[in-house]
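*Asks:* Build me a model from this:
(2 chains)
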2 protein chains.
Amino acid sequence: MPNPTAAMLVIGDEILSGRTRDANMHHLAGQLTERGIDLKEVRVVSDDESAIVAAVRALSDSYDHVFTSGGIGPTHDDITADCVAKAFDTAIDVREDARALLVKHYDRSGIELNAARLRMARIPERAHLIDNPVSAAPGFSLRNVHVMAGVPAIFQAMVASVLPTLTGGAPLISETLRIERGEGDIAGPLGALATTYPDLSFGSYPFQKDGVFGANVVIRGTDAGLVAAALRALSAEFGM
Amino acid sequence: MPNPTAAMLVIGDEILSGRTRDANMHHLAGQLTERGIDLKEVRVVSDDESAIVAAVRALSDSYDHVFTSGGIGPTHDDITADCVAKAFDTAIDVREDARALLVKHYDRSGIELNAARLRMARIPERAHLIDNPVSAAPGFSLRNVHVMAGVPAIFQAMVASVLPTLTGGAPLISETLRIERGEGDIAGPLGALATTYPDLSFGSYPFQKDGVFGANVVIRGTDAGLVAAALRALSAEFGM
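*Replies:* Numbers count the residues shown, from 1 in each chain, chains lettered A, B, ... in the order given. So this is what the prediction gives:
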């Protein structure tokens, strides 16, 4: 059975303007690979309602799971929750279960739960809350879309909350062989190997450092025996 | 007149599997912002023909410029050039101008220009070559799509070759105010300011470090006078 598929939607002008370097994509990619869920696509869009709604609908239709990051804070540019609700024609309002989490958190810290902060309790009907152990304001899952914060520490905590609830596939196994030859010399044998092992994927990632050049060849698959066999064949090919 | 718009398409299984952290998005975003071209969307897709062709078509239709990174090397998984040709129903083959660049480069370095390396001279008809001062194998521009290498040093050199040929808009000016207050306290005044200055964009990026928390509020726009006025208003609001 093929692994479940996933897409990620990163929401934030600050990444598209070059102000901030996204860190969440790399984290999620690694976590999904470990769990046997194949990340097939990532999109980054700006804090724009029509862009977010269109991307949520397109990705939700195409993949088993969609993970979003960003746009669920208290300021006027945080519109992700409303956009996800709109994408699914679902009602959204301050929900009592989410409000209770915020009341408890802000009571303890002596900070006023004002109207802006209360926006973080806006959750679509029927969505499941995602625990936020860092700053209380929850994420949520609606249908196959998992809506999480953009702040990396919170995003990572939410990913850790959600992933155990999803059915994974066979984890992807990968082996890397460092070959100090030009990619143009590696290409022929590698292409032949890819034909011999159609169930594996072969990637070649060139490097050039301190006068040494070559490529890291990565062999990926879910069958450890096949991956090992292909690695041996490749090593033999280059006398390693 | 509004600024030209752009999208980026990152091609590479290695990023989606979490093996490699993309560095090109952040670089391109900063360069485009300086040049007054608005990066509106980024997509990351795997080394898969139908995914690449569909993304090239969709982004090329929606934005003034599309910049791709990755998949133009000599190995079997480098299929970007062929996919871009297919997206525009354009013929592609080894082109003499591109072959000449490779012959010169490999003659000088004493490396054989074998069949795999020659694949890097496959360029669609009517495409303009993009100079590669690092390793000779060129990128190309076909219609509004600029096809570049994934290796960061080469990607950056190609961006530097292409950007001066494009018409930019007014560079985006941004000012950041660090406010050591909870985002929930900043949200109200910030929302009001966003209403007062509809031509500017206001983003709030929370931080929490060493027990100090607050947010960096970023004001962006193309009119320096307006940005400065909004910054003064925001500073006054928080007694700064």
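*Asks:* going forward, measure contacts between C-alpha atoms and count neighbours the same way
*Replies:* Noted.
*Asks:* Briefly note if the host helix or strand of residue A:156 comes near chain B.
*Replies:* Assigned by DSSP states H and E, residue A:156 belongs to helix A:152-162. No - among the residues of helix A:152-162, none lie within reach of chain B under CA under 8 Å from any CA of the partner chain; the closest is 10.1 Å away.
*Asks:* mind listing what's buried in that helix?
*Replies:* In terms of neighbour count (16 or more other CA atoms under 10 Å in any protein chain shown), helix A:152-162 has its buried residues at A:152, A:154, A:155, A:156, A:157, A:158, A:159, A:160, A:162.
*Asks:* same question for that helix, mean pLDDT?
*Replies:* Mean pLDDT, computed over helix A:152-162, is 93.
*Asks:* can you list contacts of it?
*Replies:* Helix A:152-162 has contacts (CA atoms under 8 Å, 6 or more residues apart in numbering or on different chains) with A:23-24, A:27-28, A:69, A:130-135, A:139, A:146, A:148-149.
*Asks:* ok, and of these, which contact chain B?
*Replies:* Filtering those for neighbours of chain B using CA under 8 Å from any CA leaves A:27, A:28.
*Asks:* packing partners for the worst-scoring helix or strand of chain A on mean pLDDT?
*Replies:* In chain A, no helix or strand scores lower on mean pLDDT, DSSP states H and E than strand A:201-209, which sits at a mean of 82. Strand A:201-209 is packed against helix A:183-196, strand A:212-221, with contacts defined by 3 or more CA pairs under 8 Å, 6 or more residues apart in numbering or on different chains; DSSP states H and E.
*Asks:* quick one, which of these is nearest to chain B?
*Replies:* Between chain B and the helices and strands packed on strand A:201-209, the shortest separation by CA to the nearest CA is 4.5 Å, and it involves helix A:183-196.
*Asks:* does residue A:129 count as helix, strand or coil?
*Replies:* strand (DSSP: H, G, I helix; E, B strand; the rest coil).
*Asks:* How much space separates the residue lying closest to it once chain neighbours are set aside from chain B?
*Replies:* In space, not counting the residues next to it along the chain, residue A:129 is nearest to residue A:140; the distance is 4.2 Å by CA to CA, 6 or more residues apart in numbering or on different chains. When distance is defined by CA to the nearest CA, to the nearest Å, residue A:140 is 20 Å away from chain B.
*Asks:* tell me the domain boundaries of chain A?
*Replies:* The record assigns chain A these domain ranges, following automatic domain parsing: A:5-165, A:173-237.
*Asks:* Go through the ones you listed and find the least confident stretch.
*Replies:* The weakest mean pLDDT among the domains of chain A belongs to domain A:173-237, with a mean of 89.
*Asks:* Report the distance from it to the chain centre.
*Replies:* Distance, stretch centre to chain centre, for domain A:173-237: 26 Å (CA atoms, centre = their mean, to the nearest Å).
*Asks:* for stretch A:115-123, same thing?
*Replies:* In terms of CA atoms, centre = their mean, the centre of stretch A:115-123 is set 25 Å apart from its chain centre.
*Asks:* For that stretch, measure first residue to last.
*Replies:* Taking CA to CA, to the nearest Å, stretch A:115-123 runs 15 Å from one end to the other.
*Asks:* what sits up against it?
*Replies:* For stretch A:115-123, the surrounding residues in contact (CA under 8 Å, 6+ apart) are A:72-75, A:81-82, A:92-96, A:98-99, A:102, A:137-138, A:140, B:184-185, B:187-188.
*Asks:* mind listing the helices for chain A?
*Replies:* Chain-ordered helices for chain A, with DSSP state H as the definition, fall at A:13-16, A:24-35, A:49-62, A:80-87, A:96-109, A:115-118, A:152-162, A:183-196, A:224-237.
*Asks:* CA-only coordinates of the last one in CSV, if you can.
*Replies:* If I follow you right, that is helix A:224-237. Once side chains and other backbone atoms are set aside, the C-alpha atoms of helix A:224-237 remain, and they are given as CSV (Å, rounded to 0.1, in the frame of the first residue of the first chain):
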residue,chain,number,x,y,z
ALA,A,224,15.7,-2.0,3.7
GLY,A,225,17.0,-5.1,1.8
LEU,A,226,16.5,-3.4,-1.6
VAL,A,227,18.2,-0.2,-0.5
ALA,A,228,21.2,-2.2,0.9
ALA,A,229,21.5,-4.2,-2.3
ALA,A,230,21.4,-1.0,-4.5
LEU,A,231,24.0,0.6,-2.2
ARG,A,232,26.3,-2.4,-2.6
ALA,A,233,25.9,-2.4,-6.4
LEU,A,234,26.6,1.4,-6.5
SER,A,235,29.7,1.0,-4.3
ALA,A,236,31.1,-1.8,-6.4
GLU,A,237,30.6,0.3,-9.6
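*Asks:* Next, the buried residues of it.
*Replies:* By neighbour count with 16+ other CA under 10 Å, helix A:224-237 contains the buried residues A:226, A:227, A:228, A:230, A:231, A:234.
*Asks:* Kindly reformat those as a markdown table containing distance to residue A:114.
*Replies:* Below are the buried residues of helix A:224-237 laid out as a markdown table (distance: CA to CA, whole Å):
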| residue | distance to residue A:114 |
| --- | --- |
| A:226 | 58 |
| A:227 | 56 |
| A:228 | 58 |
| A:230 | 60 |
| A:231 | 59 |
| A:234 | 62 |
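*Asks:* hmm, back to that, and the helices and strands packed on strand A:201-209 as TSV, adding distance to residue A:120 and mean neighbour count?
*Replies:* Putting the helices and strands packed on strand A:201-209 into TSV (distance: least, CA to CA, whole Å; neighbours: other CA atoms under 10 Å in any protein chain shown) gives the following:
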stretch	distance to residue A:120	mean neighbour count
helix A:183-196	49	17
strand A:212-221	41	19
